[in-house]
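**Student:** fold the following for me, if possible:
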Amino acid sequence: MKLNTPLRITEHNWPEGTTPLVSILCFTYNHEKYIDECLQGFLMQETTFSVEIIVVDDASVDCTAEIVRYYSEQYPKLFKPYFHKTNQYSQGGMPDLFAFKRSLGSYIATCDGDDFWSLPSKLERQVDIFEKSPDCILCGGRILAVREGDPFPYNIEPSIEPEKLITSGPLEMLKGQFIMRTPSRISRRWLWEKYTQKVEGSAAACDWLFTLFCISESKMMPEAFECLNEIVGTYREHSGGVWFTAEETAKMQSNLAVLMFALEKLDFVSGREVVEIALIHLAEEMNLTRDMNETAYDLYISLEKKYFPKPLAARIRERLFKHP
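**Tutor:** Predicted coordinates for the structure are as follows:
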């Protein structure tokens, strides 16, 4: 069931029991400075289809939960809020999977409580792409990335030219040539179902692993990924963010866990070499030893021999003393 023309979702009046076509998943924790703008970005959406908004507050100690409750009371047909009494993320909980299991939509859109959407037609246009392109499994858009403390805090991601954006797909994303940030993404439901089955209970589960999972499911087909060529919202990195404040050692350990999981559980077809070399570079950056992670170290050594038969010191000497 669809409307003839897009209408702001706050003005929708669907029959009782209507299944939403799109589920918005929002995880929030101590986002009182940002959550209002985030929820307003959801409510500004203009669609021809029904939408549900699932917000999971992970035991915030500021006013975040009260703000979510206010919006839920104002728009009870749109919001499905959940309020944890104790923080689940710190205990290994996965709020995104928690939210997904309570969703009903055929398409799953994501946006954390400290990010927001600014394009009213975002969902309508992305769903239109899915329905016209059956091979497309993930759709994003350009994002304004704002990084606290950065000398150049404002960046547009992906930053590649429009003509390159059209032709960029899973392989380019795997190589780090372009990225779809969490608030820009929407995917097919079956992708989330498979991801949940694959990663539930794993400490490696995170946004990056979801990206790698999408790449593996794409079979490296360029048409599997689409990206709107305009800014759809804003992504923030700030001092209140979990990843932003994490120690570099912890970040590298997390990234190592993701790469190890990906190489063991996911099929990258022709892109596996990229992931293997990424593990080599990470292992060298963190000075990985057997005492730190025996399994990862052994894999690192075997990959080193596979791609770089000469020892690292010899390779460095060659670069230093190589004649023009």
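**Student:** who's C227 bridged to?
**Tutor:** G140 (DSSP bridges).
**Student:** so what's it up against?
**Tutor:** For C227, the contacting residues are C139, G140, G141, R142, P158, L165, S168, F178, M180, S184, by C-beta atoms under 8 Å, 6 or more residues apart in numbering. C-beta here means a position set from N, CA and C on the backbone, and glycine is covered the same way.
**Student:** hmm, 10 Å instead?
**Tutor:** Neighbouring residues of C227 by C-beta atoms under 10 Å, 6 or more residues apart in numbering: 126, 129, 138-142, 158, 160, 165-166, 168-169, 173, 178-180, 184-185.
**Student:** now do the strands in the stretch 151-300 of the chain.
**Tutor:** Applying DSSP state E, counting those that start in this stretch to the stretch 151-300 of the chain gives strands spanning 154-157, 186-188, 225-237.
**Student:** could the ones you listed go into a markdown table alongside distance to L104 and mean pLDDT?
**Tutor:** Output for the strands of the stretch 151-300 of the chain, formatted as a markdown table (distance: least, C-beta to C-beta, whole Å; pLDDT from 0 to 100):
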| stretch | distance to L104 | mean pLDDT |
| --- | --- | --- |
| strand 154-157 | 30 | 92 |
| strand 186-188 | 14 | 98 |
| strand 225-237 | 23 | 95 |
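**Student:** pLDDT averaged over the biggest helix by length in the chain - what is it?
**Tutor:** For the chain, the helix with the greatest residue count under DSSP state H is helix 248-265. Taken as a whole, helix 248-265 has a mean pLDDT of 94.
**Student:** now F42: phi and psi?
**Tutor:** Backbone torsions of F42, given as degrees, to the nearest 10, read phi -70, psi -50.
**Student:** is it true that it touches Y75?
**Tutor:** Yes: with contact defined as C-beta atoms under 10 Å, F42 reaches Y75; the gap is 9.4 Å.
**Student:** name the residues contacting each of the two.
**Tutor:** Joint contacts of F42 and Y75 (C-beta under 10 Å, 6+ apart) are I9, T10, I53.
**Student:** buried among those? Make that a ChimeraX selection.
**Tutor:** Typed into ChimeraX, the line below selects the buried ones among the shared contacts of F42 and Y75, using 16 or more other C-beta atoms under 10 Å:
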select :9,53
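**Student:** what comes into contact with the helix or strand where K305 lies?
**Tutor:** For K305, the host element (DSSP states H and E) is helix 294-307. Defining contact as C-beta under 10 Å, 6+ apart, one finds that helix 294-307 is touched by 253, 256-257, 259-260, 263-264, 273, 275-277, 279-280, 282-284, 286, 288-291, 293, 310-312.
**Student:** any chance of the shared contacts of F42 and Y75 in JSON lines, plus secondary structure and distance to C38?
**Tutor:** Output for the shared contacts of F42 and Y75, formatted as JSON lines (DSSP: H, G, I helix; E, B strand; the rest coil; distance: C-beta to C-beta, whole Å):
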{"residue": "I9", "secondary structure": "helix", "distance to C38": "15"}
{"residue": "T10", "secondary structure": "helix", "distance to C38": "15"}
{"residue": "I53", "secondary structure": "strand", "distance to C38": "10"}
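**Student:** can I get the shared contacts of F42 and Y75 in JSON lines including pLDDT and distance to P95?
**Tutor:** Shown next, in JSON lines, are these (pLDDT from 0 to 100; distance: C-beta to C-beta, whole Å):
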{"residue": "I9", "pLDDT": "98", "distance to P95": "23"}
{"residue": "T10", "pLDDT": "98", "distance to P95": "25"}
{"residue": "I53", "pLDDT": "98", "distance to P95": "15"}
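**Student:** give the burial count for the residue lying closest to T18 once chain neighbours are set aside, as a bare number.
**Tutor:** Nearest residue to T18 in three dimensions, chain neighbours excluded: S50, at 5.1 Å (C-beta to C-beta, 6 or more residues apart in numbering). S50: 21 surrounding residues under other C-beta atoms under 10 Å.
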